[in-house]
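*Asks:* Quick one: sequence and predicted model below, then my questions.
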Amino acid sequence: MGAIDGEQMVKWEKMQSVSGREEKILVLVRLRPLSDKEIAVNEVADWECINDTTILYRNTLREGSTFPSAYTFDRVFQGDCSTKQVYEEGAKEIALSVVSGINSSIFAYGQTSSGKTYTMNGITEYSVADIFDYINRHEERAFVLKFSAIEIYNEVIRDLLSTENNALRLRDDPERGTIVEKLTEETLRDWAHLKELLSFCEAQRQVGETYLNEKSSRSHQIIKLTVESSAREFLGKGNSTTLAASVNFVDLAGSERASQALSAGARLKEGCHINRSLLTLGTVIRKLSKERQGHINYRDSKLTRILQPCLGGNARTAIVCTLSTARSHVEQTRNTLLFACCAKEVTTKAQVNVVMSDKALVKHLQKEVARLESELKTPAHAASNCDYPALLRKKDLQIEKMGKEIRELTMQRDLAQSRVQDLLQMVGNDHKSTKEVDDAWEDDCSVSESSSIYGPHHDSRFRDFNNPHFNDGHNGGNPDEYCKEVQCIETDDSNRDNSRTDNGILAPPLSGEGNTVQEMMSPRPLHEESETSQIQDNSADGALEQRSNDVQMTVGSSTRNAKLTRSWSCSGNMMTGSPERSGETEYTPANGFARSFLGRPEGLRRNLPPLVYGDATRLSRNDSQSSIGTPSRDELRVNSMRTSADEDITSVQTFVAGMKEMVKLEYGKQLVDGQVQKNVKDVGIGPMLESPGTPLDWPLQFKKQQEEIFELWQACRVSLIHRTYFFLLFTGDPTDSIYIEVELRRLSFLRETFSHENKNVKDGQIATLSSSDKSLCREREMLVKLMQRRLSEEERKSLFKKWSIGLNSKRRRMQLAKRLWSNTDMNHIIESASVIAKLVRFSEQGKAFKEMFGLSFSTPFQYQTRRRSYPWKNSTASLL
Ligand SMILES: Nc1ncnc2c1ncn2[C@@H]1O[C@H](COP(=O)(O)OP(=O)(O)OP(=O)(O)O)[C@@H](O)[C@H]1O
């Protein structure tokens, strides 16, 4: 290369030391102080930096959280830090690598309105100012700066330096990688020119007003500055070398929850695209954080395709994660932190990029030939440099690993195929319904769009880890496997904690006062949605917010908000003796509200088999609680530790997988995979999921349908744990309608089947009424064991009292187990669900699952889809 002065030499050497070496992505976290709007509604800041590298969640009321309260990163910046400080102490070193021929990228990632644009605008300007400064101080080198800018808006790439609104295409260049075709590139003259270009881009960029941000960037923006430099001394002599590298300033659009951003129409569509590409980015980051081998789905979005080199390739990368400290954004903040935790495990391997002139290249090649020749002349030396046995061992290991993967995939494929065959057999000649499903598939334009983004390898039909009935003994019950395709971040936790606050993962406590549980279980009209979240935001003591987050999960915790608790006062005069036949008991919790089951039509009381999950029914727990420090990878997944008594417990994950599977089967093949389904639903692009829509009289309808479900559960001898999960998860949010409907159809189909004395066959076993009763008995026995194991003596005594079970009577635990879910009275159900939730640790597994993987079941309330009616047909077998 050309002449380099002393300072340049030092930098060059430093860069050489970085060059070609693996280096972790630098992760910076910046907190945004509460905005005036947030202060005006008495919002509380829950996060703070306790030192330069650690951020702490300080809402001490959140007891029982399985999440760490402290996270450590390369650098964290408190709300009052200036952007200059963030730049100087964080991003600068990475950004300025570009002058030494090393590609670099600075990203801003975070929820909408958390300060990404605010941060990136500053960092871009400070970086370019420093680059100019560097150029001025290095007159011996000739620099050329080229500026280009694109935005990715709704998956369309636009040139921000062009007034034409043309969509640009991506092309794969064998040498340069993915490039944007026909992109304008301006040679930067000076600072004024830069400012002019930046304002031009700003004016061109898609910005829109949302509830959370008056000027919300609705697109991902990538500003690219290419710096080329050559030593003047050698210029024009034919043997010069040029350093050429680019720095990308990436201002990502913010992840958002449709419910929080209150988006609709165009905003909603944008939100979907934003979340979808962020989802792919998250998946890429998560996979890279685990291992770099194997397929990384860069090509699933334009964003990741363009950014591929920055995410594990030839670039130094810094990510600034911006966070809102507001309590109402705690889940989004957590998602951002989880993304950040994954990102800090990702390594890149930047190299100095030298462009040689022909003459220099010839020289270089001659040297290389000479070196190789000398190596050949001294074979011993060459051999010692090349450890062939080690290489062979490595290759062997790789082959072995690949073989294992192929075997696993083959097994999964075979299982899936045999299952498809089973289902086809069940469907039989039902052409009509098949056609309806096909129609739905074809009608749904979003599906094809999504298919192009999420390629065929995402087809969950042949890789359905989620389906409990697909358990092949390898991945069943392992939440990490189970959540393989679920984000380590969730781009959109959707309506769950606002619109679904009431029905989120709620486990009513065992003691306390008040009847809020009932309130929480009742459906809310559509128009109350935003009001409710507003009220929560206003709750200075965080009580309601807690309800939507953690405390609602911490069943049995004495320190939780009193609003969550309800009275268990039982009169003690109802329970005498124990029922002989399961499913026929009429026990009502002793505080009354007894409503006889006898008034129901006879047909509803038929004895039908309970739902029995497959081998994958396992309880997963996350017992690990880190208080300080970043979560380890193990902590980032739901721990799959089990005890023997847990063996038969259906985990929330399995339950959710079952529900998803049912919805998938019921609503055809529109869903590309569970991951897409979840996120697309969350942000509100309905056509991907042909949901039945939400009727205007939803609250009433929900109540009615819920009652029907209660009856059918009873009649069909459905598993008590299934009932509990369903009851706690789907409590009347408008977005629950699809699940309610699917459950109803499934149960009606079951009842119908049994009323005609048909039998359901699963895995060669015939499910009959007595087999269902036996399953229910087994489930009760398991609950009895859990009562012994998971409840203290005091808790047990208190329960026996409340359920009017004599403290000296025999088999008290079994008596209690038999009373649970023994009638359809709402109060009885709430209390039964509370007990079972406590026993199966619903709160822990539900919360861990929900928060870690951003689980959301909801469809957007804003989106009213057409209602389709498909006869319930082929899902039944999977549930028996
Ligand atoms: N660190 C900060 N200090 C003070 N104000 C801030 C800070 N960060 C952001 N803001 C203000 O918060 C508002 C939202 O910031 P900004 O538009 O940068 O968010 P964003 O994350 O880019 O949002 P979106 O994803 O919706 O585009 C702006 O008014 C901005 O001035």
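*Replies:* Yep, that arrived.
*Asks:* does residue 832 really touch residue 821, like I thought?
*Replies:* Yes. Here residue 832 lies in contact with residue 821, judged by CB atoms under 8 Å, at a distance of 4.6 Å. From N, CA and C alone the C-beta is placed, and that goes for glycine too.
*Asks:* Who has more neighbours out of the two?
*Replies:* Neighbours were counted for residue 832 and for residue 821 using other CB atoms under 10 Å; residue 821 has more, 28 against 24.
*Asks:* pretty sure that one is touching residue 834, no?
*Replies:* No. At 11.4 Å, residue 821 does not count as touching residue 834 under the criterion of CB under 8 Å.
*Asks:* re earlier: quick check: neighbours shared by residue 832 and residue 821?
*Replies:* 720, 724 (CB atoms under 8 Å, 6 or more residues apart in numbering).
*Asks:* Close to the ligand: what parts of the chain are there?
*Replies:* Contact residues, the chain versus the ligand (CB under 6 Å from any ligand atom): 32-33, 35, 110, 112-118, 213, 215-217, 253-254, 322.
*Asks:* Please narrow those residues to those residing in strands.
*Replies:* Judged by DSSP state E, the residues of the chain next to the ligand include 32, 110, 216, 217, 322 as members of strands.
*Asks:* Let me have the residues you listed in a markdown table, adding distance to residue 46 as columns.
*Replies:* Shown next, in a markdown table, are those (distance: CB to CB, whole Å):
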| residue | distance to residue 46 |
| --- | --- |
| 32 | 13 |
| 110 | 16 |
| 216 | 23 |
| 217 | 25 |
| 322 | 16 |
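*Asks:* what two of those are the furthest from one another?
*Replies:* 32 and 217 (14.8 Å; CB to CB).
*Asks:* give me the number of residues near residue 392?
*Replies:* Neighbour count of residue 392, defined by other CB under 10 Å: 10.
*Asks:* again, but for the one 10 residues further on
*Replies:* Around residue 402 sit 12 other residues, with neighbours defined as other CB under 10 Å.
*Asks:* name the element it belongs to?
*Replies:* helix 388-427 (DSSP states H and E).
*Asks:* Domain-wise, how is the protein divided?
*Replies:* Annotated domains of the chain cover 6-352, 358-385, 429-879 [automatic domain parsing].
*Asks:* for the shortest one, what is the average pLDDT?
*Replies:* Within the predicted structure, the mean pLDDT of domain 358-385 is 69.
*Asks:* Please apply the same query to stretch 132-148.
*Replies:* On average, stretch 132-148 scores 93.
*Asks:* Check the separation of the first and last residues in that stretch.
*Replies:* 17 Å (CA to CA, to the nearest Å).
*Asks:* same thing with stretch 289-300?
*Replies:* 18 Å.
*Asks:* quick one: buried residues of it?
*Replies:* Neighbour-count burial for stretch 289-300 flags 289, 296, 297, 298, 299, 300 (criterion: 16 or more other CB atoms under 10 Å).
*Asks:* For the residues you listed, which two are the farthest from each other?
*Replies:* The span of these, defined through CB to CB, is set by 289 and 299 at 18.9 Å.
*Asks:* List the ones among the buried residues of stretch 289-300 that fall in strands.
*Replies:* Using DSSP E, no member of the buried residues of stretch 289-300 sits in strands.
*Asks:* List phi and psi for residue 252.
*Replies:* phi -70, psi 150 (degrees, to the nearest 10).
*Asks:* can you map out the strands along the stretch 251-400 of the chain?
*Replies:* Taking DSSP state E, counting those that start in this stretch as the test, the strands found in the stretch 251-400 of the chain are 316-324, 347-350, 354-356.
*Asks:* Those strands: which one's closest to residue 704?
*Replies:* strand 316-324 (39.5 Å).
*Asks:* From the ones in strands among the residues of the chain next to the ligand, keep the buried residues only.
*Replies:* Buried among these (16+ other CB under 10 Å): 32, 110, 216, 217, 322.
*Asks:* And these, which is closest to residue 727?
*Replies:* residue 110 (35.3 Å).
*Asks:* wait, doesn't the closest one sit right on residue 323?
*Replies:* Yes. Between residue 110 and residue 323 there is a contact under CB under 8 Å: 6.1 Å.
*Asks:* Show me whatever sits in contact with both of these two.
*Replies:* residue 336.
*Asks:* Nearest to the ligand: which residue in the stretch 51-200 of the chain?
*Replies:* residue 115 (2.6 Å; CB to the nearest ligand atom).
*Asks:* Next, that residue: phi, psi?
*Replies:* Given degrees, to the nearest 10, the pair of backbone angles that residue 115 has is phi 110, psi 30.
*Asks:* Can you verify my assumption that it contacts residue 30?
*Replies:* Yes. Residue 115 is in contact with residue 30 according to CB under 8 Å; the separation is 6.6 Å.
*Asks:* lowest-confidence stretch among the domains of the chain?
*Replies:* Minimum mean pLDDT among these: domain 429-879, a mean of 51.
*Asks:* Quick one: buried ones out of the residues of the chain next to the ligand?
*Replies:* Buried by 16+ other CB under 10 Å: 32, 110, 112-118, 213, 216-217, 253-254, 322, out of these.
*Asks:* Neighbours of residue 69, how many?
*Replies:* 18.
*Asks:* next one: residue 751
*Replies:* The number of residues packed near residue 751 is 18, by other CB under 10 Å.
*Asks:* Against residue 745, how distant is it?
*Replies:* 11 Å (CB to CB, to the nearest Å).
*Asks:* what residues are up against whichever residue of the stretch 301-450 of the chain sits closest to the ligand?
*Replies:* The ligand sits closest to residue 322 of the stretch 301-450 of the chain, with a gap of 5.7 Å, by CB to the nearest ligand atom. Residue 322 sits next to 29-32, 108-111, 114-116, 118-119, 336 when contact means CB under 8 Å, 6+ apart.
*Asks:* How about residue 839?
*Replies:* 783, 786, 787, 790, 791 are the contacts of residue 839 under CB under 8 Å, 6+ apart.
*Asks:* In helices only, show me those residues.
*Replies:* 783, 786, 787, 790 (DSSP state H).
*Asks:* isn't the third one right next to residue 820, touching?
*Replies:* What that stands for is residue 787. No. Counting by CB under 8 Å, residue 787 sits too far from residue 820 to count as a contact (10.5 Å).
*Asks:* Pick out whichever of the two has more residues nearby.
*Replies:* Using other CB under 10 Å, the more surrounded residue of residue 787 and residue 820 is residue 820, with 24 against 21.
*Asks:* Where does the closest residue in space to that one that isn't next to it in sequence sit, in terms of helix or strand?
*Replies:* Counting by CB to CB, 6 or more residues apart in numbering, residue 820 lies nearest to residue 832, which is 4.2 Å off, once chain neighbours are set aside. Element membership for residue 832 (DSSP H and E) is helix 826-839.
*Asks:* Dump the C-alpha coordinates for that helix into PDB.
*Replies:* Included here for helix 826-839 are C-alpha records, laid out as PDB according to Å, rounded to 0.1, in the frame of the first residue of the first chain:
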ATOM      1  CA  MET A 826     -68.300 -18.900  36.900                       C
ATOM      2  CA  ASN A 827     -67.100 -18.500  40.400                       C
ATOM      3  CA  HIS A 828     -66.400 -22.100  40.800                       C
ATOM      4  CA  ILE A 829     -64.500 -22.100  37.600                       C
ATOM      5  CA  ILE A 830     -62.400 -19.100  38.600                       C
ATOM      6  CA  GLU A 831     -61.500 -20.800  41.800                       C
ATOM      7  CA  SER A 832     -60.800 -24.100  40.200                       C
ATOM      8  CA  ALA A 833     -58.500 -22.400  37.600                       C
ATOM      9  CA  SER A 834     -56.700 -20.600  40.400                       C
ATOM     10  CA  VAL A 835     -55.800 -23.800  42.100                       C
ATOM     11  CA  ILE A 836     -54.700 -25.600  39.000                       C
ATOM     12  CA  ALA A 837     -52.800 -22.600  37.800                       C
ATOM     13  CA  LYS A 838     -50.900 -22.700  41.000                       C
ATOM     14  CA  LEU A 839     -50.300 -26.400  40.800                       C
END
